[in-house]
Each structure stands twice: as structure tokens, then as C-alpha cells.
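Participant: Need a 3D model of the sequence below.
(2 chains)
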There are 2 protein chains.
Amino acid sequence: MITCGRYIRSILYLLLLISVQFGPHAVEGVWPLPQAFTSSPERYPVNSQDFYFVYGRQSAAQQGCSVLDTAFKRYFSLIFPDHNSGSPADRLSWTIYLVPFCVPDNLSISAGKASLNAETVWGAVRGLETFSQLVYQDDFGSYFVNKTEIDDFPRFQFRGILLDTSRHFLPVQAILKTLDAMAYSKFNVFHWHIVDDPSFPYQSSTFPDLSSKGAFHPMTHIYTQSDVRRVISYARLWGIRVLPEFDSPGHTTSWGKGQPGLLTPCYKGGTPSGTFGPVNPALPSTYRFMARLFKEVSSVFPDSYVHLGGDEVDFHCWRSNPDVRVFMQKMGFGGDFTKLEAFYIENIVNITSALNKTSIVWQDVFDYHERVTFVLQRTSLSVVEVWRAGCYLCEVRRVVKAGLRVILASPWYLDQPGPTHNWARYYTVWPLAFKGSEEQKKLVIGGEVCMWGEYVDATNLTPRLWPRASAVAERLWSDEKQTSSVDKAFPRLQDFRCKLLRYFNLFYPLTYLTFKELNLMVQAKRQDAQCFLAMSAVLHADVFCFHFSSRRGIQAEPLYVGHCKHEYQGI
Amino acid sequence: MITCGRYIRSILYLLLLISVQFGPHAVEGVWPLPQAFTSSPERYPVNSQDFYFVYGRQSAAQQGCSVLDTAFKRYFSLIFPDHNSGSPADRLSWTIYLVPFCVPDNLSISAGKASLNAETVWGAVRGLETFSQLVYQDDFGSYFVNKTEIDDFPRFQFRGILLDTSRHFLPVQAILKTLDAMAYSKFNVFHWHIVDDPSFPYQSSTFPDLSSKGAFHPMTHIYTQSDVRRVISYARLWGIRVLPEFDSPGHTTSWGKGQPGLLTPCYKGGTPSGTFGPVNPALPSTYRFMARLFKEVSSVFPDSYVHLGGDEVDFHCWRSNPDVRVFMQKMGFGGDFTKLEAFYIENIVNITSALNKTSIVWQDVFDYHERVTFVLQRTSLSVVEVWRAGCYLCEVRRVVKAGLRVILASPWYLDQPGPTHNWARYYTVWPLAFKGSEEQKKLVIGGEVCMWGEYVDATNLTPRLWPRASAVAERLWSDEKQTSSVDKAFPRLQDFRCKLLRYFNLFYPLTYLTFKELNLMVQAKRQDAQCFLAMSAVLHADVFCFHFSSRRGIQAEPLYVGHCKHEYQGI
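Facilitator: You can find the predicted model right below:
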């Protein structure tokens, strides 16, 4: 078996048995728009019976690379949703072809040849998405692809979507469905805001009480270790990283239920009021607890980044607590609670740094550090997520001037109450429109759609996210000059939204199988299922099997009056 | 077979094998709130093995009444969604019981006895909904119902939801799903705004070109005669009337494609501009066409009401057309186009009156008539739907002062862009808060939720409607004094929303069967399907079969942070 890590060059061929035609049907385009895109009216019929994806002979990735093996099957179904004579697995042949590679990633479709050259397997997965969007059906159901030449690469390396599983619990199925849709828009980071004040659904192996006492329900409203691994494995197949957030010291009410002594007891009139505030930063036990929790988190989530939160800390409770005030005196913080907050975060950053993780924090932490830089080292911060409304580019400028990297979220709070069809507002955001050097602008590593959970759960998540998040995706992927017009984007986004309704291939998980069951299944020739081995960093070996289906679309809401050839049908 | 028309008294028993317990689990309540409701902590176990719905012996409705026979099966599944040992049909016994009837409709649950007395079969269907909401499960999965006494009746007789199938096409399945959800909130009118400017999806047997040229797609984006009958039959089983709207003379762009000569040619600089305006009111052919169309509509839709539209007529095109101006002169209308509009509507109302239909019009028509009452008789108008924003109660007052009936829609445009969780805004509407006599207030016959289609199709219809439309439902059903507090309503509506997620029983239609196929199916003992005969007014006999399923919930969006015991799971 050939490995296919992130930095291995992947080269593969799309083998088309090609005959040239000139058809009236124009290419509808690709969303998000590739960096360089030329196509011609010359078109070639594509027939599912004669269609194969094959690895190029010089490709570093070859059969056995589970990401691409799976992507081939998946995109075969996406391109031919009505192809059902035999399972997709039967239809694919894994011939090895020899091609040179090139940078940037390139997709070339011409008479007699179609090839996809990508520097990484992840680039190859993106290229397959692009290719799938180029294939279309005429009114008689025949498939075509036009002569096309594409060079492509993302404008920003961080293109994220935040889901909040604390304010409402999202079933794993809803998360997997979102990962599918993310891949179609070339998002590559799932920011999992997994816990917060209302509930703690993450089932910790080190501190099981956190979820058994802090989740909405200890059995039905939790993410088990296996659930988390399933999400990570699934995301990986789509080239999506999973960035976990364990937000503290604020937003931790639910933590207190399973971890007595962690939160600060609030005082009223000199006595404890019975309520609790943020994590207690004055106790050594707090840091021992956090070190153990983040050690677990670091091993469960393999990504090299971890999000530490740090936003919206309310100082009232800290101020009311005599022990906290004594600690402030001892540390020489006087009455400045921003110093206490900065001290706390500094400690948590050090804990995660020791675990070889890079920390991301919400902008509040930067703001505090900026003010208290004379007592604390700023250098431990590295990535700041800008989320507050107002002049968010002013904040971006301040952060990059301090030499830190930025993720921009402020303009993309898609959960916010408001007109739900205002995609143009999210599209016309210019993340680099601030005064700064080229070096400073390079510190803006990307952006993120935030889907907070106050008013969102699995019932309305999908239509609220899509296709509006796709508008953000184009801003983060494509060249700004080529995508500055809302009017030009509108018909392309409408077309892409129709593709989302139809071009859908849900891998829904079969039950979590043991190796023995897997063998039975393979013996029974369940060719419609795709199984793969997922190894987590702590050497849990899981076998996850996913089932092919192309019956349902992404429930992406309409932009305006009109129709799609294939409407969303509900069940 | 015993008929069960709208005005036959229906009396039935809920047979419970009852044993008394006093449980800690409080009754969560019923939505919309019944007129008189008392319950006690005394509770009785309910066991699906021993549970039967039976007709009272003195009941005018008996076995063979398809509405109630079906409702019994349906509500058995709703109450016991996890009951799957044998099909529901096997579990129900049709014993006849003797009970007296009473008015208002009454639901009584006490030790040893549970009975539902209703004046009509429709009241009985509503009572079954109420009963289903009273049954609950404890943490161990056992079912209970508390000692309860309910007297109930609706505050308003017209409780409608408008769906717009012109701006986006809604698959029949999405309409049926909405009918299910409507019944759970006791809505009783489906206002089908079936055609409008963007498309004409109604397939007319008299004028097939209207849809073949005016629909988004002539084959896939239309409602066939059979589709329409299916919707009507299905709605009837839930006690929901189908009110068709064929809006004219404005909002008719799509009509012009299949009916040349119907629309007014607009002029620019003395010559036709190539564009078309409203229906041409100056041609006799217009009225001949409308007479034939409404003759068909009247026979396809059995309801005694028909909605004629009449809103938002733009006079620019009429004014530009020399033939229209000549006609205005001839009729003595001078330059007052409101007279022309009034004249047109007067003719259409006369056409539908001759077909024994009562007309409903949008408020614009009343406003015109009010101004031009000196030339036209006002008496032909009877029901006015108030839709414009601003002081809508001022308009309501004007209409009832003129002796006409009112349906209120202005405050309930749920499709409107804006905060999507603002249910309280729709709840705190007081339809009778205007100065007027008791007689005048009685002319307000109800209200309607409007779900226009600019930004809505099957992808987002359900979460946008529910549970916000349920807030309107309580306003239209319940006593205003008992339901004036948003704070008191909030936990009840949250609880009801959780019921919507879970307590769901989709009847999805099997293919449309011939009698022969039906016989084959019955021979094959497809006990899980429910078939019934639907007779339309023009003597088309259809057999529709619906399948039982209780696996999925209504995709009703959350009101705020929290959880339901049974979350919406997606697929």
C-alpha cells in the first residue's frame, strides 16, 4: 500500500474516450471560480460506461491511497448520479498512467486527453470537484464536458466553517452532511466549537463527568470518542481539517457541572451567591486540570492547531471573589483584570505549546495582550481570529502589525438574524483592503463562516448555511479582481446551488464495525460500501464503512425566483 | 358504508385500560391551547397493546367513514411512534360504543373512561390531535396520560396557510408534508396561490398550453389534474380545505405565454413595445376565456370558495394602450383606471358566482370599489383578505363597516426577510383590537400565514414555516385572554416544537394506482398502506394509497438554545 500524506505529489488521469462535438450548451462554470479558466464550445460526450479515473504512472500517489481511491468512487457517483448498472466500485479501473506534474495544479480537458496534475492529494481532491462541476447533461440526458484548461490554487490557505454543538446538539449525521457540502465549495477547515456554556457534549475519557453531567443528555446528546474519530476520518477523506475549540476561561458554565472547583464562585455582599463565573485562574488545580484535558484533546484531534477561545470574559464574578482579588495582589495585577485574563491564557497557550500544538485565540485575547504587553510576553500568541463587528479591518491591521497571523470571521456570521438571502453582503467582503505591506497581508491566512447555535440546529442548519457560505468560499478561494461583481456572480451561484441540490453523494455510515464484521461484509460482497481504516494519534484503530447513495441533494435555499432542472424533493 | 360529511355529528371513544397512578411528570400541555382545559397529576399508563379507538354506538359516524378510519390509524402511529409489532391496522379494533354528544366538543380522560365527543368529523380529527399531544413518555419509555377535561372550539373559522407555487415550484411531496404539519397546529385552510407572474404550473385540461408554455418546465414543474386531486384528497383527510387562487388581472405574466391575446400589449411612443401588462379588460375574449377557465377550476377544486386575487395591478400598461383608452371612454370611466380594475373584477366575480362559488379577493379590490362605489355595485364582494402593512386594523375596520367579511394576513408574512426566530412578533397580534360592534367583529372570519415564494422553495419551506406558523395558529384557535403572555407561551411552544420533530407520521403516496393494482395490493396484504377512494366534483374516481411511516420529524427550527429528547436526525 502506498501512503498518501499531505505533501506527496499526486498526478492522475481522467481517461475519457473522446470524440469532438460542438454543442450549443455552454459550460455553466465552476464555483468557486478557478484562478485561470479557459473553455471553448468544443465539447466531448462523456459516457459512464467508458469513464475511468486512473493514476498517472509517475504519480507519487497510487492505488491504495485511501483518500484518492475513495474520491474516485465518490466523484464517479457525483458525475453520474443516475448511473446504477452495477455499483460504482465495479465500474472503476485502476490503470496506471505516466504524466509529468506541474505547479499550480492543472486540469486539462482536450480532444483525446484529460489530465489532472496536483501537487498534493488534497489538490487532487479539489481538482476532482472542479471536474465534476464541468460535466453536464443535455435535455436528453447525455453527459458532456467542454474543452477546458484550468490552473488553480486557493487564495487563502484557511477556509473554515464553525459549527457550534453546545447551544444545540448536532447529530453526527448533520456534521457529516455539512462536511460533504463544505467539500463542494472547497472549504478545508471544520472549526468544531464543541463545548460552551449551555452544554458539554464531548465525552472525555479523562474526565467523563464533564459530559455525563454537563451534556444536555448523558447518553443521547454526546460525542463519543468513536464519534469524534468518525468525524475526523470522514473530514480527512474530503481534505478537511478538524480544528477543535475548547473555549475558556469564559463560556464554561457547562464545564462546572462535571468538574467542581473549576469555576470561580461569585460573591454577593461578602458571601458566595451560589452562582459561578469563568474558570478560576487563581488556583493551581485549574492548570493541572487543563493540562490533562488538553493532553487528551491533543491526541484525539490530530490537527496541529487547537483553538483556545478566550472571548467575552465577564470580570464581574472574578472581581467579586476575595480569593481572586488576593491572587491579583500577589501577582501585582492591581485592579486590572485584563492582566489576569492574559495571564490565564498565557498558561493555557504554554500547555498546548508543550503538546506541539499551535494555538488560535479569539481577538479578545490579542486586545488584552496588546494592553498589558509590558507584563506578559506577546510572542506566545500566533494566530488571532477576528470576530467583532465594526471596523474589523482596523483590528486585522493591528494584529498583522504585531506580526501575528489572522483568520477573519467578523463579516461572515451567517447565523445572525437578518435577511436570509443576503448572500451579496457576504460576497462583497475585501479581507485585504487595509493599509499594510505585502508581508503583513500575507499574515491574513484566511477566513471563516461562523454558524453559532442559538437559533440553529439540524432542522435549519443546511438551508441557513448554503448557498450563502458558498459565496464566502469564492471570496476565500478565488482571485478578487475576477470575482468582484455581484451581478456576474449571481447566475453562477444560482447554477452552483442547483448543482448542490442534485450532485450529491451521501456517504452515510453503516454501523461502526469490528474487523470481524467487516470481513463478513466483504465476504458478502457489499460492493456498495466503502470501508477504510482510521488510525488516530493514540492508536485507536477503527474501521468505518460508508455507503454510497446519490438520491438526495444538499438542502441549499434559493437565491431568488426561479427553478432548477432537478428540484430538491425532500425525502 | 356510512358517509361522513362535514355536518354529521361524530362521537367516539378512546378505550383505555386504565389504572390510576400519581406520577411526577406534569402534562406539558396542548398547542394551540384549548378553550377550557383542566388536568390533574393523576395519571394513567397507556399501553399500545391495549389501546383502541372505537366509535360510540350513537355516533353518526361509524366504521366506513374514511376520514375517521384513517385518523384512527394515523393517530395511533403518532401516539406510539415506536410501536412496530404488527402494522397499526392490525392493532385497531372497530368496536361500536354508545355515548351522548355535547357541544362544545369535549375530550374527557378520567379513571376508567376516556371519551371524545365532537359535533363534526372535523372536530373529531382536531380532538384526536389534542389527545395525541396529551400522551407522553417517561424516562423509561412508558406512556402515560393524565386525568384531563377539555372543552374546545376554534376562535376563528378560517385558519389558513398560503403557499406560492409559482415563484418556486413545490413538489407535491412538500405540499403534503406541509398539510401534515398544518393539521398538528389545527390549521384548516390551504390557500394554494398556484400561479403568478413567474410560472403557471397548473395543468389545465381546457387550456393545456398555459402550463406547457407557462410553467418552468412543461413536464417536471407542473401539477397534473391527478396531482391536484391527490392534494385535495390528502388535505380532506386532515380536515383541511383547499382554496385555489387564480390571481388576475395583475400577476399574470406567465399566463400570456400559453394564451396569446389575453394580456394587454404595452405601448411606447405610439407603438407596441413588445412587452405585456395585466390581463386585457377591454376584450370580450378575455371574459370568455376566464369563464371557461373558472368553470374548470370550480369543478377541480370542490371548495365553495375561490380566491380571485386582484392585487397590485400596475396601470402604466393599460394607460399606454390606445384600445384600452378607447374602452375607458366608451364605458365612461374617464381616466380613472381603478374603475376599470373594479369593472374587470366585477365581471370575474359574476362568473364565479354563477358557478356557485364565493369569491375572496385581496384588499386592493375593496379599496378600488370603495372609491368607485358610485358606478359599481359593491354587494358582489363578500370576503376581503387584508394584506398590506401599516395600520392593517384600520383597513379591517373599513371592510367590516362595509359589511364584508375579513381574512387578516398583514401581520403574518412569514416569508419576509428578517429575524427568523421572531415568533413572538407573530404571536402578539390582536385581530379584533379595533373599534367596532360585536356584529362587525364577527365579520373577521380568521387569518392566514403567507409564505410567498421569492426566497422559499422545498429546501427551506419547513424550517421557515414551523414553529412560527404555530404561534399564529394559537392566536387563531385559542382564547386571547388565556394566551396573551409570550413568557407563558414560550415553554409550551418549545415543547410543541419538540413534538413536531418527533411525533410525525408521514403518509407518503405510493404510486397512483388503478383499481386493478389496488386489488393486487390488497390481495398481497399490504396492510401498512392505507387506500381510499377520492371522488372529485367532475366524477374522476382516483384511488390514492398512502404508506405509514413514523420515522421522521417536521423540520421545525429551534426557538432558542436548548434541546429536545428526540432531536431531528436529518435523513
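Participant: Tell me the residues of the stretch 201-350 of chain A that contact chain B?
Facilitator: Residues of the stretch 201-350 of chain A lying close to chain B (Cβ under 8 Å from any Cβ of the partner chain) are A:Phe216, A:His217, A:Thr220, A:His221. All C-beta spots, glycine's among them, are computed from the backbone N, C-alpha and C.
Participant: How many neighbouring residues does the second one have?
Facilitator: Neighbours of A:His217 under the rule other Cβ atoms under 10 Å in any protein chain shown: 16.
Participant: For my notes, confirm it occurs in a strand.
Facilitator: No. Under DSSP: H, G, I helix; E, B strand; the rest coil, A:His217 sits outside any strand and is assigned coil.
Participant: Tell me if I'm right that it and B:Lys565 touch.
Facilitator: Yes. Using Cβ atoms under 8 Å, A:His217 is in contact with B:Lys565, at 7.5 Å.
Participant: Model confidence for A:Lys441, exactly?
Facilitator: According to the predicted model, the pLDDT of A:Lys441 comes to 98.
Participant: Nearest residue to it in space, please, no chain neighbours.
Facilitator: Excluding its sequence neighbours, the residue lying closest to A:Lys441 (Cβ to Cβ, 6 or more residues apart in numbering or on different chains) is A:Leu432, at 5.0 Å.
Participant: repeat for A:Ala181
Facilitator: A:Ile554 (4.9 Å).
Participant: okay but that neighbour is in contact with A:Leu501, surely?
Facilitator: Yes. A:Ile554 lies in contact with A:Leu501 (Cβ under 8 Å); the separation is 6.6 Å.
Participant: What is the helix or strand harbouring A:Phe37 packed up against?
Facilitator: In this assignment (DSSP states H and E), A:Phe37 forms part of strand A:36-46. Helices and strands touching strand A:36-46, by 3 or more Cβ pairs under 8 Å, 6 or more residues apart in numbering or on different chains; DSSP states H and E, are strand A:21-22, strand A:143-152.
Participant: any idea how far the helix or strand that that strand is followed by is from the chain center?
Facilitator: Using DSSP H and E, the helix or strand that follows strand A:36-46 in sequence is strand A:52-56. Mean C-alpha position of strand A:52-56 versus that of the full chain (Cα atoms, centre = their mean, to the nearest Å) differs by 27 Å.
Participant: Going C-terminal from strand A:52-56, what's the next secondary structure element?
Facilitator: Past strand A:52-56, the next helix or strand by DSSP H and E is helix A:66-79.
Participant: Summarise which helices and strands that following helix is packed against.
Facilitator: strand A:52-56, helix A:88-91, helix A:121-134, helix A:225-237, strand A:529-535.
Participant: which ones are touching the residue in the stretch 201-350 of chain A that chain B sits nearest to?
Facilitator: Using Cβ to the nearest Cβ, A:Phe216 is the residue of the stretch 201-350 of chain A that sits closest to chain B, at 3.9 Å. Residues in contact with A:Phe216 (Cβ atoms under 8 Å, 6 or more residues apart in numbering or on different chains) are A:Phe169, A:Pro198, A:Ser199, A:Pro201, B:Gly562, B:His563.
Participant: Distance of A:Ala556 relative to A:Leu128?
Facilitator: In this view, A:Ala556 and A:Leu128 are 20 Å apart by Cβ to Cβ, to the nearest Å.
Participant: Which of those two has more residues huddled nearby?
Facilitator: Neighbour count, other Cβ under 10 Å: between A:Ala556 and A:Leu128, A:Ala556 has more, with 28 against 25.
Participant: quick one: that one and A:Lys499 touch, right?
Facilitator: No. Look at A:Ala556 against A:Lys499 with Cβ under 8 Å: they stay out of range, at 9.2 Å.
Participant: Find the closest residue to chain B in the stretch 1-150 of chain A.
Facilitator: A:Asp139 (10.1 Å).
Participant: what separates that residue from B:Pro218, distance-wise?
Facilitator: For A:Asp139, the distance to B:Pro218 - Cβ to Cβ - is 12 Å.
Participant: packing partners for the helix or strand containing A:Ala181?
Facilitator: Per DSSP H and E, A:Ala181 falls inside helix A:172-184. Secondary structure elements in contact with helix A:172-184, counted by 3+ Cβ pairs under 8 Å, 6+ apart, are helix A:121-134, strand A:158-164, strand A:189-193, helix A:225-237, helix A:461-465, helix A:468-477, helix A:486-502, strand A:508-509.
Participant: Out of those, the one nearest B:Glu341 is which?
Facilitator: helix A:486-502 (34.3 Å; Cβ to Cβ).
Participant: and the angle for that closest one with helix A:66-79?
Facilitator: 100 degrees (axes from the mean of the first three to the mean of the last three Cα atoms, to 10 degrees).
Participant: ok, now which ones touch A:Ser431?
Facilitator: No Ser there; residue A:431 is Pro. A:Pro431 touches A:Phe156, A:Leu393, A:Val396, A:Leu408, A:Val444, A:Gly447, A:Arg475, counting by Cβ under 8 Å, 6+ apart.
Participant: Would you check that the third one makes contact with A:Val386?
Facilitator: Yes. Applying Cβ under 8 Å as the test, A:Val396 and A:Val386 come out as touching, 5.6 Å apart.
Participant: Now do the shared contacts for these two.
Facilitator: A:Val406, A:Leu408.
Participant: Check the helices and strands packed on helix A:66-79 for me and report the most buried one.
Facilitator: helix A:121-134 (a mean of 23; mean count of other Cβ atoms under 10 Å in any protein chain shown).
Participant: list the helices and strands that one packs on?
Facilitator: Going by 3+ Cβ pairs under 8 Å, 6+ apart, helix A:121-134 lies up against strand A:10-15, helix A:66-79, strand A:105-110, strand A:113-118, strand A:143-152, helix A:172-184.
Participant: Check what contacts stretch A:395-408 and list those residues.
Facilitator: By Cβ under 8 Å, 6+ apart, stretch A:395-408 touches A:158, A:160, A:360, A:363, A:366, A:370, A:378, A:381-386, A:388, A:392, A:410, A:431, A:434-436, A:440-441, A:443-448.
Participant: domain assignment for chain A?
Facilitator: Here the domain assignment for chain A is A:36-152, A:158-263+A:280-315+A:338-483, based on the TED database.
Participant: Grab the nearest non-local neighbour of A:Asp227.
Facilitator: A:Val172 (5.1 Å).
Participant: Enumerate every residue touching that neighbour.
Facilitator: A:Tyr223, A:Asp227, A:Arg230, A:Val231, A:Pro509.
Participant: which stretch in the helices and strands packed on strand A:36-46 is the model least sure about?
Facilitator: Minimum mean pLDDT among those: strand A:21-22, a mean of 59.
Participant: returning to what we had before: the contacts of stretch A:395-408 in strands, which ones?
Facilitator: Judged by DSSP state E, strands contain the following of the contacts of stretch A:395-408: A:Phe158, A:Gly160, A:Ile360, A:Val383, A:Val384, A:Glu385, A:Val386, A:Val444, A:Ile445, A:Gly446, A:Gly447, A:Glu448.
Participant: Dump the residues you listed to a markdown table, plus pLDDT and distance to chain B.
Facilitator: As requested, the ones in strands among the contacts of stretch A:395-408 are arranged in a markdown table below (pLDDT from 0 to 100; distance: Cβ to the nearest Cβ, whole Å):
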| residue | pLDDT | distance to chain B |
| --- | --- | --- |
| A:Phe158 | 98 | 27 |
| A:Gly160 | 98 | 22 |
| A:Ile360 | 97 | 24 |
| A:Val383 | 96 | 28 |
| A:Val384 | 97 | 27 |
| A:Glu385 | 98 | 22 |
| A:Val386 | 98 | 25 |
| A:Val444 | 98 | 31 |
| A:Ile445 | 98 | 31 |
| A:Gly446 | 98 | 28 |
| A:Gly447 | 98 | 24 |
| A:Glu448 | 98 | 22 |
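Participant: mind giving me JSON lines with these and columns for neighbour count and distance to B:Lys257?
Facilitator: Formatted as JSON lines, these follow (neighbours: other Cβ atoms under 10 Å in any protein chain shown; distance: Cβ to Cβ, whole Å):
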{"residue": "A:Phe158", "neighbour count": "25", "distance to B:Lys257": "49"}
{"residue": "A:Gly160", "neighbour count": "25", "distance to B:Lys257": "46"}
{"residue": "A:Ile360", "neighbour count": "24", "distance to B:Lys257": "55"}
{"residue": "A:Val383", "neighbour count": "19", "distance to B:Lys257": "56"}
{"residue": "A:Val384", "neighbour count": "29", "distance to B:Lys257": "56"}
{"residue": "A:Glu385", "neighbour count": "30", "distance to B:Lys257": "52"}
{"residue": "A:Val386", "neighbour count": "24", "distance to B:Lys257": "51"}
{"residue": "A:Val444", "neighbour count": "23", "distance to B:Lys257": "50"}
{"residue": "A:Ile445", "neighbour count": "14", "distance to B:Lys257": "52"}
{"residue": "A:Gly446", "neighbour count": "22", "distance to B:Lys257": "47"}
{"residue": "A:Gly447", "neighbour count": "25", "distance to B:Lys257": "44"}
{"residue": "A:Glu448", "neighbour count": "25", "distance to B:Lys257": "45"}
